[in-house]
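Participant: Got a predicted structure here, sequence first:
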Number of protein chains: 2
Amino acid sequence: MDQRPRLDDVAARVGVSTASVSLVLRGAPGPSAETRRRVLEAAAELGYRADRTASMLARRRRHLLGVMLDIRSPFHAELVEEIQAEADRIGYEVVLSTLTRHRDEDRAIESLLDFRCEAVLLLGPDAPDQRLAALAAQVPVVAIGRRVAAGDVDVVRPADHAGVAEALAHLTGLGHRHIAFVDGGRGVVAAARRRGYRDGMRRAGLAEEIRIIAGDHTEEGGIRAGRLIAAGADRPTAVMASNDRCAVGVMDAFVRAGIEVPGQISVVGYDDSTLAHLAHIDLTTVNQDAAAQARHAVLAAVQRLDEGREQRLEVVLNPRLVVRGTTGPPPRGEGPADAS
Amino acid sequence: MDQRPRLDDVAARVGVSTASVSLVLRGAPGPSAETRRRVLEAAAELGYRADRTASMLARRRRHLLGVMLDIRSPFHAELVEEIQAEADRIGYEVVLSTLTRHRDEDRAIESLLDFRCEAVLLLGPDAPDQRLAALAAQVPVVAIGRRVAAGDVDVVRPADHAGVAEALAHLTGLGHRHIAFVDGGRGVVAAARRRGYRDGMRRAGLAEEIRIIAGDHTEEGGIRAGRLIAAGADRPTAVMASNDRCAVGVMDAFVRAGIEVPGQISVVGYDDSTLAHLAHIDLTTVNQDAAAQARHAVLAAVQRLDEGREQRLEVVLNPRLVVRGTTGPPPRGEGPADAS
DNA sequence: ACTCGGAGTTAAAGCGCTTTAAAACCCCGG
DNA sequence: CCGGGGTTTTAAAGCGCTTTAACTCCGAGT
């Protein structure tokens, strides 16, 4: 429990200066092979590991990426995994700062700034564009998962529009016309998907069928919406939900109401979260390729930091529909029959 | 994007020394009211925020707690929330280090050590006792959620034994005798629960009914086990699962096999994760009180750091059964009837 | 008038590491 | 034996902040 060994301890043990030790330990050129060997040996014996805090301070570079996330989101979890992996690969450290009930985005971001992260990656931030722009004036910012119209904020996001459109195409291809949308609430991401639905329906010539049911990005929201749909007259033959969790809630309401999925009604989610692959859910959904998003985001940050990129970058990834078991043709007597 | 303001900048602007500014900013006694006012004002104008990295280095104390977690676990998410809150309250910062596919416990912990966290909280670590003991020789360690028999490791854990026992009592109280257990796999936590089940059954005089079905702590594992149970002869009237996710899988398999829960078979989970409260799941489960665990864990760390506690601490929290909709009396002709 | 004590302020010494400029050394050819 | 050029090594100056000991005032006490 005593102090951990410091650079001097290693240096003293070998009988060289701390400078040499530092050089050896970072693989910098200079020290002779013999010195290297001895230093490495001593370091190993003492179990020495550099103090990041001190290193970061001393070298002007910190090699630290800050990530703001909502730890309760499975999708964020996936992203973080990939971000970690990518950062590890290129020699950056990651510090995580999560939203909690008592800790809003501002606080979470401040915490990252206090660590003097060289860049911050924000997973699905809800802050207004202006605030993000202001932040970007202080430190490189990469927003993941949503648009940011103002300022010098890099963006990596799936083409929500395209994702929803593809899902709609899948449904109309199956013969559906009455396709309702369960909304995701007030967030920026939810808004993009809602817009995608509206546009997609119009483009498909189904403007009159547009029907948006209030909901949010949780199972509860989905359940409420699902009940409404189940009870309502003129039930749609397909439902697209703003995200997977919501879709799961919707389905559950249906199951309880004795409505078969996809027999009587099809359901599509969004995110392809771990939820969706679960055998008992087996949800048709839109995959956002977390790995690719993470890679691009880290890359964007590094380009700013190490390669001097100055101009704004926006990477729009094409999402990919994953067809599973919750979609099928509309029940007989509906859908195509409508074209009477 | 220029350098953020430093202490000297504030000092220069006010016309005092950096020492004064530092004192003011940390609310330390000394500076006069007038100086305070002016410093605070200047700091606000410049948008100054101390560099944690430098602060940590300068004061001998770091006020940093490291938390190792698996970011994909919803229960860990809950714990982290509470740990954050508690740490915030008492002026500690938290740094998170998550396991990933490419980052095992050792790596995750090393990362925390490199940041020179003053103490580390490990959420459900799987490392052998010996390794944890060794770690504890370097830095205060609090293991959350499991026993550690060796070394100076503080432990905060629910009495898994008691939790399982309570659940069993609930089931036997309802009249169940054929109570199977779906196992949680190789982990340390899973082992504790398995043992709890065995002991509880024996104590209830049901030693002969002990039946453990292989599974793991995921939905998939639950589904496999559920299928087995559904298909098997001599089906139990109740199933206790090693955790909630597993229980959800089990239930799903039942639903698909047309077995009613709790009509034909009761199901109990463990964790009271967010999953369990979901309306469509409504799982009877054992609550581990994440908030209390978090508080005790943080407290344990702080006691070591700030109050000089030396001897090992073990806090065993009594879990609490939360009865929801997945348990009920066994179907007629079973259970009590068995006492023929 | 002169010392003393308390309040307020600051110079300066770190914290543990990196980095650079300069010193030390070594090997050769002249 | 000396100087030049290359290779190693190191002294020392930070990084941005904290902290302590010392210092400056100033009014109270004698």
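Facilitator: That came through fine.

Participant: Only C-alpha atoms from now on, for both contacts and neighbour counts.
Facilitator: Will do.

Participant: All the helices of chain A, in order from the start?
Facilitator: Ranges of helices in chain A, per DSSP state H, are A:7-14, A:18-25, A:33-46, A:52-58, A:74-90, A:105-114, A:129-136, A:160-174, A:188-203, A:219-231, A:244-256, A:274-277, A:290-306.

Participant: Is the first one positioned near DNA strand C?
Facilitator: Yes. Figure legend: helix A:7-14 in contact with DNA strand C (C-alpha under 7 Å from any atom of the strand); contacting residues A:7-8.

Participant: Now that helix: average pLDDT?
Facilitator: For helix A:7-14, mean pLDDT rounds to 94.

Participant: and it, what does it pack onto?
Facilitator: If you count contacts as 3 or more C-alpha pairs under 8 Å, 6 or more residues apart in numbering or on different chains; DSSP states H and E, helix A:7-14 packs onto helix A:18-25, helix A:33-46.

Participant: could these go into JSON lines alongside distance to DNA strand C and mean pLDDT?
Facilitator: Output for the helices and strands packed on helix A:7-14, formatted as JSON lines (distance: least, C-alpha to the nearest atom of the strand, whole Å; pLDDT from 0 to 100):
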{"stretch": "helix A:18-25", "distance to DNA strand C": "4", "mean pLDDT": "95"}
{"stretch": "helix A:33-46", "distance to DNA strand C": "11", "mean pLDDT": "93"}
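
Participant: Select, out of the ones you listed, the one closest to chain B.
Facilitator: Across the helices and strands packed on helix A:7-14, chain B has its closest neighbour in helix A:33-46 (12.4 Å, C-alpha to the nearest C-alpha).

Participant: how far does that closest one sit from the chain's center?
Facilitator: On the basis of C-alpha atoms, centre = their mean, to the nearest Å, helix A:33-46 sits 42 Å off its chain's mean C-alpha point.

Participant: other SSEs contacting that helix?
Facilitator: helix A:7-14, helix A:18-25.

Participant: Using PDB, write out every CA atom in the last one.
Facilitator: Once non-C-alpha atoms are left out, helix A:18-25 reads as follows in PDB (Å, rounded to 0.1, in the frame of the first residue of the first chain):
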ATOM      1  CA  THR A  18      15.300   9.700 -15.100                       C
ATOM      2  CA  ALA A  19      15.600  11.100 -18.600                       C
ATOM      3  CA  SER A  20      17.000   7.900 -19.900                       C
ATOM      4  CA  VAL A  21      14.400   5.900 -18.200                       C
ATOM      5  CA  SER A  22      11.600   8.000 -19.600                       C
ATOM      6  CA  LEU A  23      13.100   7.600 -23.100                       C
ATOM      7  CA  VAL A  24      13.400   3.900 -22.800                       C
ATOM      8  CA  LEU A  25      10.000   3.400 -21.400                       C
END
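
Participant: Tell me what angle it forms with helix A:33-46.
Facilitator: Interaxial angle of helix A:18-25 relative to helix A:33-46 (axes from the mean of the first three to the mean of the last three C-alpha atoms, to 10 degrees): 90 degrees.

Participant: Mind giving me the packing neighbours of helix A:18-25?
Facilitator: When contacts are defined as 3+ C-alpha pairs under 8 Å, 6+ apart, helix A:18-25 sits against helix A:7-14, helix A:33-46.

Participant: Out of these, which is the most enclosed?
Facilitator: helix A:7-14 (a mean of 18; mean count of other C-alpha atoms under 10 Å in any protein chain shown).

Participant: which stretch in the helices of chain A has the least confidence?
Facilitator: helix A:274-277 (a mean of 81).

Participant: Check which residues of it are buried.
Facilitator: Within helix A:274-277, the residues that count as buried by 16 or more other C-alpha atoms under 10 Å in any protein chain shown are A:275-277.

Participant: about what we covered before: indicate which one of the helices and strands packed on helix A:7-14 is closest to DNA strand D.
Facilitator: helix A:18-25 (4.1 Å; C-alpha to the nearest atom of the strand).

Participant: Show me what from chain A comes close to DNA strand D.
Facilitator: So chain A meets DNA strand D at A:15-20, A:30-35, A:54, A:57-60 (C-alpha under 7 Å from any atom of the strand).

Participant: could the helices and strands packed on helix A:33-46 go into JSON lines alongside distance to residue A:108?
Facilitator: What follows is those, written out as JSON lines (distance: least, C-alpha to C-alpha, whole Å):
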{"stretch": "helix A:7-14", "distance to residue A:108": "33"}
{"stretch": "helix A:18-25", "distance to residue A:108": "33"}
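
Participant: domain parsing for chain A?
Facilitator: A:7-50, A:64-158+A:289-317, A:160-288+A:322-332 (automatic domain parsing).

Participant: ok, the second one near chain B or not?
Facilitator: Yes. In terms of C-alpha under 8 Å from any C-alpha of the partner chain, part of domain A:64-158+A:289-317 sits within range of chain B, namely A:71-72, A:74, A:77-78, A:81, A:84-85, A:95-97, A:100-102, A:114-116, A:136-140.

Participant: List the contacts of residue A:316.
Facilitator: For residue A:316, the contact set (C-alpha atoms under 8 Å, 6 or more residues apart in numbering or on different chains) comprises A:155-159.

Participant: Which strand residues bridge it?
Facilitator: In this entry, residue A:316 is beta-bridged to residue A:157, by DSSP bridges.

Participant: could you measure residue A:223 against residue A:248, distance?
Facilitator: Residue A:223 sits 8 Å away from residue A:248, taking C-alpha to C-alpha, to the nearest Å as the criterion.

Participant: How about residue A:153?
Facilitator: Distance, residue A:153 to residue A:248, by C-alpha to C-alpha: 33 Å.

Participant: got it, and residue A:99?
Facilitator: The gap separating residue A:99 from residue A:248 is 24 Å, by C-alpha to C-alpha.

Participant: and what of residue A:295?
Facilitator: For residue A:295 relative to residue A:248 (C-alpha to C-alpha), the value is 29 Å.

Participant: out of these two, which sits in the busier spot?
Facilitator: residue A:248 (28 against 18; other C-alpha atoms under 10 Å in any protein chain shown).

Participant: For burial, what's the neighbour tally of the residue nearest to that one when sequence neighbours are not counted?
Facilitator: Distances taken as C-alpha to C-alpha, 6 or more residues apart in numbering or on different chains put residue A:219 closest to residue A:248, at 6.2 Å, once the chain neighbours are dropped. Per other C-alpha under 10 Å, the neighbour tally for residue A:219 reads 25.

Participant: How about residue A:308?
Facilitator: Applying other C-alpha under 10 Å, I find that residue A:308 has 9 neighbouring residues.
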